[in-house]
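Student: Sequence and computational prediction follow.
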Amino acid sequence: MDAVGRFDALYGVKFPKAVAKITDDIDELLAFYDYPAEHWIHLRTTNPIESTFSTVRHRTKVTKGPGSRAAGLAMAFKLIESAQVPWRSVNAPQLVALVRAGATFVSGKLVERPDERTPPTAAYRS
């Protein structure tokens, strides 16, 4: 958190609103580092989500609506299912189970035995 303090000291007087946006939500901003480094490439982009739903949105506009709720759900399901074909798989899939189990990662590295001296998981890492 030293870097955040220095940032606040350097720019807080001149740009108080901009600095407040960063310093007030620092835990959310740095939550990225609470996951394995191998997964960071997947966390950086929302493009798979955007491109998948844009396909569904495009098709529903072209067909002027699905007709019924059941037909709409079936159409959306099939479109999403076909859109997932080119997706690449998750890097280091063996770490997904650890993330789901609540394992602690600091700067993208697994902490095998977290103790009281381990910094908070959303703290700044140098």
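Tutor: Cool, the structure landed. Residues are numbered from 1 along each chain as shown.
Student: neighbours around P36, how many?
Tutor: 20 (other CB atoms under 10 Å). For glycine as for every other residue, the C-beta is placed from the backbone atoms N, C-alpha and C.
Student: and it, what is it in contact with?
Tutor: Contact partners of P36, counting by CB atoms under 8 Å, 6 or more residues apart in numbering, are 92, 95, 98-99, 105, 108-110.
Student: tell me the contacts of the most centrally placed residue in the chain?
Tutor: With distances taken as CA atoms, centre = their mean, L43 lies nearest the centre of the chain, 4.2 Å away. Counting by CB under 8 Å, 6+ apart, L43 touches 32, 35.
Student: Look at the nearest residue to I26 once chain neighbours are set aside and say how many residues are nearby.
Tutor: Using CB to CB, 6 or more residues apart in numbering and skipping the chain neighbours, the partner closest in space to I26 is V4 (5.7 Å). Using other CB under 10 Å, V4 has 16 neighbouring residues.
Student: Same question for V96.
Tutor: Residue neighbour count, defined by other CB under 10 Å, stands at 12 for V96.
Student: Tell me how far the helix or strand hosting it lies from the chain's centre.
Tutor: Under the criterion of DSSP states H and E, V96 resides in helix 94-101. When distances are taken as CA atoms, centre = their mean, to the nearest Å, helix 94-101 is centred 15 Å away from the chain's centroid.
Student: do the same with stretch 51-59
Tutor: Distance, stretch centre to chain centre, for stretch 51-59: 21 Å (CA atoms, centre = their mean).
Student: how about the CA coordinates for it, as PDB?
Tutor: Taking C-alpha atoms only, stretch 51-59 is exported to PDB below (Å, rounded to 0.1, in the frame of the first residue of the first chain):
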ATOM      1  CA  SER A  51     -18.800 -11.400 -28.700                       C
ATOM      2  CA  THR A  52     -21.100 -14.300 -27.600                       C
ATOM      3  CA  PHE A  53     -23.900 -12.000 -26.600                       C
ATOM      4  CA  SER A  54     -23.500  -9.800 -29.600                       C
ATOM      5  CA  THR A  55     -24.200 -12.900 -31.700                       C
ATOM      6  CA  VAL A  56     -27.400 -13.600 -29.800                       C
ATOM      7  CA  ARG A  57     -28.400 -10.000 -30.000                       C
ATOM      8  CA  HIS A  58     -27.800  -9.800 -33.700                       C
ATOM      9  CA  ARG A  59     -29.800 -13.000 -34.500                       C
END
